[in-house]
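In: Just need the structure, nothing else, for what follows:
(5 chains)
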Amino acid sequence: MHAQASYLLTVVTFLPLFSVAALLVLRSDDHVWIRRIAFAASVGEFAVSLLLLRGFDSTDASYQFQEFYNWIGPSIHYHMGIDGISLFLVLLTTFLTPLAILCSWKSIQHNVKGFFISLLVIETAMIGVFVSLDLFLFFVFWEITLVPMYFLIGIWGHERRIYAAVKFILYTMFGSILMLVAILWLYHLTGTFDLPVIENILANSAPLSPTVELVLFGAFFLAFAIKVPLFPLHTWLPDAHTDAPTAGSVILAGVMLKLGTYGMLRFCLPLFPAAAHKLAPMIGVLAIIGIVYGALVATVQHDLKRLVAYTSVSHLGFVVLGIFAFNAVAMQGAIYQMLNHGVSTGALFIVVGMLYDRRHTHEISEFGGLATPMPVLMALFIFIALSSLALPPLNGFIGEFLILIGTFATHHAWASWAASGAVLSAIYLLWAYQRVALGEVTVEKNRALPDASGRERFILGTLAVVILFMGIASPYFTRPMEPAADALLQQMNNQLQRPQNAMRRGVPVKIGPHAVVLPAALAERQARP
Amino acid sequence: MTAVTISLPEQIANLRRIAPEIVLCIFGMIVMIVDPFVKPASRRALGWLAFAGTLVALASVHVAAAEMGFAYSRLISTDNFSIFVHVIVIVAAGLAILGSIDYLDREGIQRGEYYALVLFATAGMGILAGANELITAFIGLEMSSISSYILCGFRRKAKESNEAAMKYFLLGSFATAFFLYGIAMIYGSTGTTFIDAAKAELERQLAANGHFPALAILGLGLIFVGLGFKVVAAPFQVYAPDVYEGAPSPVTALLASAPKAATFALMIRIFYVSFHSAGDIWFWVIWISAVLTMFIGNLGALVQTNVKRMLAYSSIAHAGYILVAFAASTELGIAAVLFYLAAYVLMKVGAFLVVTHVGQEGEKRLNLQDYAGLGMKQPALAACFSLFLLALLGLPATGGFLGKFFAFQGALDSARAHGGWVVALVIIAAVNSVIGAYYYVRVIVAMYFWPQSSDYTPTRVAPALVVALFIAAIGTLYLGIVPGRVHSLAESAAHSLPLQSAGSNGPSNAIVIAPPQNAR
Amino acid sequence: MVAVIVFFACALLAVTGAILLILSREPIHSALSLILVMVSLAILYLLLGAEFISAIQIIVYAGAVMVLFVFVIMLLNAGVEERTDFSKFAKFVGLPLGFFLLFEVARWLYTSRAGSVITHGAGTVTQGFSTRTLSAELFQQYLFNFEATSILILIAILGALVLARKNP
Amino acid sequence: MFMLDHIWIILLLPILGAAINGLFGKRFPKAAVNSVAVGSVALTFIAVCELVREFWSLPAGAIPWIRSYYTWMAAGEMTEHPFRIDFALQVDQLTVIMLLTVSLVGLLIHIYSTGYMEHEGGYYRFFAYMNLFMFFMLTLVTGANLAVLFVGWEGVGLCSYLLIGFWFRKKSAADAGKKAFITTRLGDLAFMVGILLAFWTFGSLTYSNMFAQASRMQPDTMAHAGVLTAIAVLLFVGAIGKSAQLPLYVWLPDAMEGPTPVSALIHAATMVTAGVYMVARMNPVFSRAPIAMYLVAVVGCITALFAATIALTQNDIKKVLAYSTISQLGYMFLGCGVGAYAAGIFHLMTHAFFKGLLFLTAGSVIHALGGEQDMTKMGGLRKKIPVTYWTMLIATLAIAGIPGFAGFFSKDEILGAAKSGPHASLWLWAVGVFAAGLTSFYMFRLIFLTFCGKPRFDEHHTHVHESPRKMTIPLMILAFLSIFGGWVAAPKLVGGIDYFDRFLQPVFTAYAPTQVVSEASGAPGVSAGVQLLLAIVGIPVILAVIGLLVAWWFYIKNPNAPKKLARQLHGAYVLLWNKYFVDEIYLVLFIRPLLWISRNVLWKVVDAGAIDGVVNGTATAARESGGIARELQSGNTRSYAAWVVVGAVGFTMLLLAFLGLAVR
Amino acid sequence: MIVPVSYYLVLSGVLFGLGVVAFIFKRNVITIFMSIELMLNAVNLAFVAFARAHRQLDGLVFVFFVIVVAAAEAAVGLAIVIMMAQNRESLNVERVDQLKF
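Out: Numbering: from 1, shown residues only, chains lettered A, B, ... in the order given. Okay, the predicted model is just below:
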């Protein structure tokens, strides 16, 4: 446990918010400097977040860079910390945001200031979700992510943006409000909002009754499943993606969907292991349905962006599958796949956005033969598509392979069904690519379209390099995840094997930098024979 | 009966304990006295004078706070609880006054009486908050109500204002009569109208007879009619949308916020103190009312196109959320109610003040369509409004969220007493807040996503309104981000109430642990 | 015995007045019926030994307040009440429940503990009910309320001032 | 030992070439592109030669020579079942053969391509893809574990996709590329599951570990036999896709849309043989799974016949060769399936030479005719492009199995093993032999139609010319190899040693199941001369010659006979001409229903209808109830009063009722 | 003969109930207002009766306050009625329903 005081997580979390303050000072028609400052801020944020990597002890399963202060009353704390699971998700966020800003450089022309402010606010909120170790703090960030995204979709989105934005916010809010009730119920049961302490209490001194555990798990899981989105709760996603601006889609697909899977890892499994175990078969099946279903529906889309959106349903199905396979390999694969999906699908959305910038449509039939006027962009497109369809040695393969190999250990059939996703992804991506890029130029307008500009090459090139790097150097990422993932599974196993009535004594539970003494009533209850 | 002589120091202490009311009334009278000597053109200065009155009253709360205790032969109780509510009420009044200054100019009804009435009403609410005796409470209630009736009709020439005044007056008096009858019944069954004394008597009777006197319970029911009417709990909410819509917007801002806070304070004193031991019984009333209130408020708001009326429905819904916390019947529940009220007052007043401004002359522009594109034309105003709406929606980092949070927390906390029903209540509330999200979000949709309406030329936001909105917005954020201080104040306020009867358990800080599965 | 007769007579008058209030279509008739109720109540107050209250019931209520009513009725020339029935809800739910409430309240009051106390007829006024003790109570125990009512009156004056003035 | 320690250099060279050409080639002059592309492959070839030289001096105990460079995948390393994949390369006899074949044929085809593609747009792109292909193919054959093999496996598929669709403006080309990728991916699905199963069976994906584990297993027990068979079958399904066997062969004929050098390199010589390589590589597993082996043999055998029959009627010169490739790949699987892995690999190598040559010469023909591929519009080219003619004839003789040529030796070994090998089966042999006859027929049909008779093209418009040197020299080298490439096995015919077989034996015997006798030479007790005679005039050879003669009769002697025969056997002809309607059946049976269900059921009904219907329905329901809620607000004060009374009565009654409960 | 307090209470209840009924039944604003006065009178009767029962003065003091409040209410209420009469033709509350839904 790192006892030294560190403010790095606070800095990383709130730095974008400070840049927002800088943006607010600018005149709102000074687009150039707004863009520059936003970009500089996000790059700076990325640089700062890399410090996390430097200080991270990848052999340690516990939370690092912890910060712990009292916030509201005795039970709500400002408790932050990261472990191997959240480390890279934070980095993913800080990495994708500058690219999202850069890819909106030209395409956002009205209300520029608001746009970049929204992006930066959303960055803070998402990082906050990944680093929070207090359920209250977590929920605050969790909900705040919705608003800027809602504005991103609603103001800068496309045709049906209002419907999409409202659907997005209501859908996700419905899940999260029940999670709030569950969080409060947990508080009611344990007297604290502090995640590690709750884990400890539930594991050692006050196990939940099976029914309560199932219900609480359900409430948490519903919120996360909507966010992921897991079949059949996914229908907000295609709408939101289709009508979001490019940067919105990038952030949405790249990071926001991961909030759901991250939540499952961070909350559902450690807090409610028995319920997770009980429901895992059902969830696994839903994940597989999602994989196949998302892929099949993606295949028949005629809107390119909607197609990519459905691929997310499919790909995130893999992640959920990996999580609920309860296997170290699969779990690491799932975490890794979150990163991969963030990079690859983010990149796909950027490509789609670049096409939209040129033609202001997402209809595949409006394209065709684009490889002729814009070979570079299309080459990058196919590269990214290949990463998305899990071609070795690109990143997507590693994630899916790890998930499959891990899942296969316990569920042969699941892994086999899920593997079919790989075939289907080849179908929809290559078919889409063919209809967009190959063949003769079918629409006369497309003949004169400019190829990727320097800025666009930089964005996609960076992503391509990362895709390749993640494909050939995966242990660099997976090894720091290992201790946390193992610890999580270990913890689950311990709890599942422990008979319900075996209560441990030992009243003060030492977790985190501070010894947290159990609430008096609890202690008293324990002392009773 | 011997004549009781009261010593001078005791007299002074009494005065200090009701300092805020005194200040408010004095300022009210000053306004009235000054009024004839001010030229009509510069009557707006009276508004600032009245605002100064609220500021001084706010300062004088400290005077009262320094002199806790019962005043005037126990009629008034100056405790943390009353102080807390006083602050809420006075802040709401101050904000409403700020919002009124330019509004009255705009509508051509700039008169000193208006401010005087606001101040008197506030004084009445202050009495409500501190009343330890039911007739005192009744008088306080009437002070605030009668002022409100008049304020509702202040736009004399506007038919909707007349109608609001009439409906509010008739129904308000009707409900007050129930309230009064309830008082009579409690008096009849206990022989006292003092809240704490009634508690003792009721508990004595409970101990002696094994049950509560039916008459007292009947009285409680009738009191709930009267007070439920004021806090717009269903099914007494019926008047609220009409009145809130018809009343002048700043008055609506005041009406929808401050009296609710003061009345809830009184309700807490009656329900929690006098009828503490009957908590199991009145829980059901609150439960049913809360559910009805939330559903009616949210579903009704869902179909509104008039923003002012929508906000009126939303305040019904919020009364429902507060009732959820109320149902907790624990100290935590009281703290939650108080905190919710604090947050609610700020965001609701803020929201109605924005409506005041956008309404323009004659309050013609109240429809959703009139907000189209406001986000582009008046970004700061729209941002403020969005903040209030999101706070009403319950978005984290705003006071609204923490209000809801503490409310749910308080309610769940009492799960031991009320079992699954309270959990169900919280879940219903949660579902309702999602329904609610839709219509708040819709206003934001209109402001930011709809094309700008062409016929609307924005008017400059007056400085007074800017100050008011700024205060409300900062307050909303403050309560959302660092609510700790206010919440602990609310907790100590709750703690200052004489809830516990001798021998009962301490406040359930509720650590209930699921019983071990096979405990021997 | 006299007390009983007086009580029943007054009660009958009061109820009759109330019913007349409901049934008469002319507002002025209603007002007069209400005055009837108030007067009979004043007599009952006497019977209960509350002379002072009885007096102000006549002076303030029946005298001042009701005169105000009658005055307004005359001023506005309020004619025959229009018996519209737009609210089916009020008719079919409100009224029955109103009567139900009547019986319910009356029943619980009747069975209440306080109700079992037996009063004596007129002239058996206890010492405590004198006007002197009453005023002592009013100005000592309930001084605050008394002061507060002054503000209330002020508010009422303001209200009349604001609302009832002529349209400019 | 430099190369043995740095095997990665072999992989680095082509990828460097690909990277340089791919990123900067657009700005390079053609010469620079050429030198980068050909240079890198040439250097690779040299490196391979050096590697082989060093390999020769390795002691037997050091083989397989494995070098692990870094950890590529790692997860669960601290658990009981760690998963770790190193990027490891391996050199053994099989690898050496494959490396030599791939790099040599690859080099020749690269050289050829500089001529063939000279006038094409996207020149740099073509060579970048080709180099990339070399990289993946070399990765495939050098990988020391199934995961690295899978990288190459998928990578070559990708390059195949890119190269087939090289002329991406042509819809058919783009379609064919996509079809190739997706069809092979279908096989890869099984392949992937096979890998998963293999990992959880053997605890590793590294060949040596897997085989060691496999050899410890008891194929007699149901469980072990079952899992081994499952792994083998699943892996083989992957091979079916990649090597274009029944029923996943459909992509290969379409792949002919790519430039001809691509067809030569990828769809004849190297990539499509990856499946055969894999089966041979995994021989310890396959050998322990007799059912799988039998499946391999049967699929190979039937494919050999099936494809050959289709090839009979095709007119497109490349299509004929494509079906021929499918058919020959079937032979290779037949070889592997009957346990004669060495024979399969031998045929793989010789096939690389003569089929590569066939495609290159076909390319030369097409080049000469300015892009014409239809054989019915050729004829009489013998004199005009003699080098092409002679080299193609040599290749044809080789494929037909005419004694003395490379194909004779390899095919003979396969058929020999099918007749008398460890898993011999007479009908397999019979079918194989019959297919050999058909092969001879359609190949000579191709030769006769193309080069003999009168020209059927417009001689005025088409200026027929011999290809440039850089194209013909590779042809000649390959022709040389098509003749002499098989002679390493020649001594066997006279009772001597099959050097090829002996060289490869360590790979196939190291982990071989003990009960299987792997030596499968000719019948004992017969003198060498008789053996030789038997071999040379054996039934396959006789059938080959018959095939030749029939072709001669049909296309030289009696040019009208084919049409007459087609009319007489109309049904059969239509069936063959339309390739048994397999593509159409797939379309109707799988593709259309899948798309229809996806669009009309999953998307429109489930997604938009059911799920969104529920969501929107909830919203509507809420709004409807909102309408009801607002109806309460009738605006009528009397109603409002009534509501107050309702509340008053309701709540007081409720309170009293609960009080009553409390009292009771 | 003696009169129990419960008699007065019953009368009070009946009057209050009639006041409620009157409020709902009447349409004229002024008479509705009168029914409120009727209800307040009923309350007063109850107060006095209870005071009698408890032998306390407080109940009577309450009556005093109630009368004051009623007077104040009357002033304001009648002012509102006058204002309405100035703006509208009818005093029928059922015709005052511009604000609804």
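
In: host element of D:M98?
Out: helix D:93-116 (DSSP states H and E).

In: helices or strands up against that helix?
Out: Here helix D:93-116 touches helix D:30-56, helix D:123-142, helix D:260-264, helix D:274-281, helix D:341-368, helix D:469-484, helix D:499-509, going by 3 or more C-beta pairs under 8 Å, 6 or more residues apart in numbering or on different chains; DSSP states H and E. Just so you know, the C-beta spots here come from the backbone N, C-alpha and C atoms, and that holds for glycine as well.

In: Now render these as CSV, adding distance to D:I10.
Out: Below are the helices and strands packed on helix D:93-116 laid out as CSV (distance: least, C-beta to C-beta, whole Å):
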stretch, distance to D:I10
helix D:30-56, 5
helix D:123-142, 6
helix D:260-264, 21
helix D:274-281, 16
helix D:341-368, 18
helix D:469-484, 21
helix D:499-509, 19
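
In: so which of these gets nearest chain C?
Out: helix D:123-142 (80.1 Å; C-beta to the nearest C-beta).

In: what is the orientation angle of the closest one with helix D:274-281?
Out: Per axes from the mean of the first three to the mean of the last three C-alpha atoms, to 10 degrees, the angle that helix D:123-142 makes with helix D:274-281 is 20 degrees.

In: Format the CA atom coordinates belonging to helix D:123-142 as PDB.
Out: Presented in PDB, the C-alpha positions along helix D:123-142 are these (Å, rounded to 0.1, in the frame of the first residue of the first chain):
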ATOM      1  CA  TYR D 123       2.800  -0.600 -58.900                       C
ATOM      2  CA  TYR D 124       4.300   0.100 -55.500                       C
ATOM      3  CA  ARG D 125       1.100  -1.000 -53.700                       C
ATOM      4  CA  PHE D 126       1.300  -4.400 -55.500                       C
ATOM      5  CA  PHE D 127       4.800  -5.000 -54.300                       C
ATOM      6  CA  ALA D 128       4.200  -3.800 -50.800                       C
ATOM      7  CA  TYR D 129       1.400  -6.300 -50.600                       C
ATOM      8  CA  MET D 130       3.600  -9.000 -52.100                       C
ATOM      9  CA  ASN D 131       6.300  -8.400 -49.600                       C
ATOM     10  CA  LEU D 132       3.800  -8.300 -46.900                       C
ATOM     11  CA  PHE D 133       2.600 -11.600 -48.100                       C
ATOM     12  CA  MET D 134       6.100 -13.000 -48.000                       C
ATOM     13  CA  PHE D 135       6.400 -11.800 -44.400                       C
ATOM     14  CA  PHE D 136       3.300 -13.500 -43.300                       C
ATOM     15  CA  MET D 137       4.000 -16.700 -45.200                       C
ATOM     16  CA  LEU D 138       7.400 -17.000 -43.700                       C
ATOM     17  CA  THR D 139       5.900 -16.200 -40.300                       C
ATOM     18  CA  LEU D 140       3.500 -19.000 -40.900                       C
ATOM     19  CA  VAL D 141       6.100 -21.600 -41.600                       C
ATOM     20  CA  THR D 142       8.700 -20.500 -39.100                       C
END
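
In: For it, what is the distance to the chain centroid?
Out: 15 Å (C-alpha atoms, centre = their mean, to the nearest Å).

In: do the same with stretch D:70-89
Out: The answer for stretch D:70-89 is 28 Å, by C-alpha atoms, centre = their mean.

In: near chain A, anything from it?
Out: Yes. On the criterion C-beta under 8 Å from any C-beta of the partner chain, stretch D:70-89 is in touch with chain A at D:71-79, D:81, D:83, D:87.

In: contacts for that stretch?
Out: A:327-329, A:332-333, A:393, A:398, A:401-402, A:405-406, A:409, A:472, A:474-475, A:478-479, A:482-483, A:485-486, D:7-8, D:11, D:66-69, D:142-145, D:147-148, D:199, D:203, D:205-206 (C-beta atoms under 8 Å, 6 or more residues apart in numbering or on different chains).

In: List the buried residues of that stretch.
Out: By neighbour count on 16 or more other C-beta atoms under 10 Å in any protein chain shown, the buried set for stretch D:70-89 is D:71-77, D:79, D:83-89.

In: on that earlier part again, secondary structure and pLDDT for the residues of stretch D:70-89 next to chain A - can I get that in a markdown table?
Out: Formatted as a markdown table, these follow (DSSP: H, G, I helix; E, B strand; the rest coil; pLDDT from 0 to 100):
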| residue | secondary structure | pLDDT |
| --- | --- | --- |
| D:T71 | strand | 89 |
| D:W72 | strand | 89 |
| D:M73 | strand | 87 |
| D:A74 | strand | 87 |
| D:A75 | strand | 85 |
| D:G76 | coil | 82 |
| D:E77 | coil | 81 |
| D:M78 | coil | 82 |
| D:T79 | coil | 79 |
| D:H81 | coil | 78 |
| D:F83 | strand | 86 |
| D:F87 | strand | 90 |
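
In: Can you show me the strands along the chain?
Out: Since no chain was named, I'll use chain A. Ranges of strands in chain A, per DSSP state E, are A:64-72, A:76-82, A:509-511, A:514-516.

In: hmm, I had chain E in mind actually
Out: E:3-4.

In: quick check: longest helix of it.
Out: Criterion DSSP state H: the longest helix present in chain E is helix E:58-87.

In: Around chain E, pick out the residues from chain D.
Out: Near chain E, when you scan chain D using C-beta under 8 Å from any C-beta, you find D:630-631, D:633-638, D:641-642, D:645.

In: Buried members of those into PyMOL, please.
Out: Applying 16+ other C-beta under 10 Å to the residues of chain D next to chain E, the buried members can be selected in PyMOL as follows:
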select buried, chain D and resi 630+633+634+635+636+637+638+641+642+645
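
In: if we look at chain B, which of the residues of chain D next to chain E are close to it?
Out: D:630, D:633, D:635, D:637, D:641.

In: can you redo those residues as TSV with pLDDT and distance to A:H79?
Out: Shown next, in TSV, are those (pLDDT from 0 to 100; distance: C-beta to C-beta, whole Å):
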residue	pLDDT	distance to A:H79
D:R630	78	45
D:Q633	80	47
D:G635	83	53
D:T637	88	55
D:A641	91	54
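
In: What is the burial count for residue 81?
Out: This is for chain A. Other residues lying near A:G81 total 24 when counted by other C-beta atoms under 10 Å in any protein chain shown.

In: sorry, should have said chain E
Out: E:V81: 27 neighbours (other C-beta under 10 Å).

In: cool, the one 5 residues further on as well?
Out: Other residues lying near E:Q86 total 16 when counted by other C-beta under 10 Å.

In: and what of C:D85?
Out: 10.

In: What does it show for phi and psi?
Out: phi -130, psi 60 (degrees, to the nearest 10).

In: wouldn't it be in contact with C:K91 here?
Out: Yes. Using C-beta atoms under 8 Å, C:D85 is in contact with C:K91, at 5.9 Å.

In: Show me what residue of chain E gets nearest to chain C.
Out: Taking C-beta to the nearest C-beta, chain E has E:G17 as its residue nearest chain C, at 2.3 Å.

In: Equivalent analysis for the stretch 301-450 of chain B, please.
Out: For the stretch 301-450 of chain B, C-beta to the nearest C-beta, closest residue to chain C: B:G362, 15.8 Å.

In: do chain A as well
Out: Closest point on chain A to chain C, by C-beta to the nearest C-beta, is A:L170, at 33.2 Å.

In: ok, now which ones touch that residue?
Out: Taking C-beta under 8 Å, 6+ apart, one finds B:434, B:437-438, B:441, D:619 in contact with A:L170.

In: Please tabulate these in a markdown table, including the columns secondary structure, distance to E:Q86 and pLDDT.
Out: Listed next are the contacts of A:L170 as a markdown table, based on DSSP: H, G, I helix; E, B strand; the rest coil; distance: C-beta to C-beta, whole Å; pLDDT from 0 to 100:
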| residue | secondary structure | distance to E:Q86 | pLDDT |
| --- | --- | --- | --- |
| B:V434 | helix | 46 | 88 |
| B:A437 | helix | 43 | 87 |
| B:Y438 | helix | 41 | 87 |
| B:V441 | helix | 42 | 88 |
| D:A619 | helix | 45 | 82 |
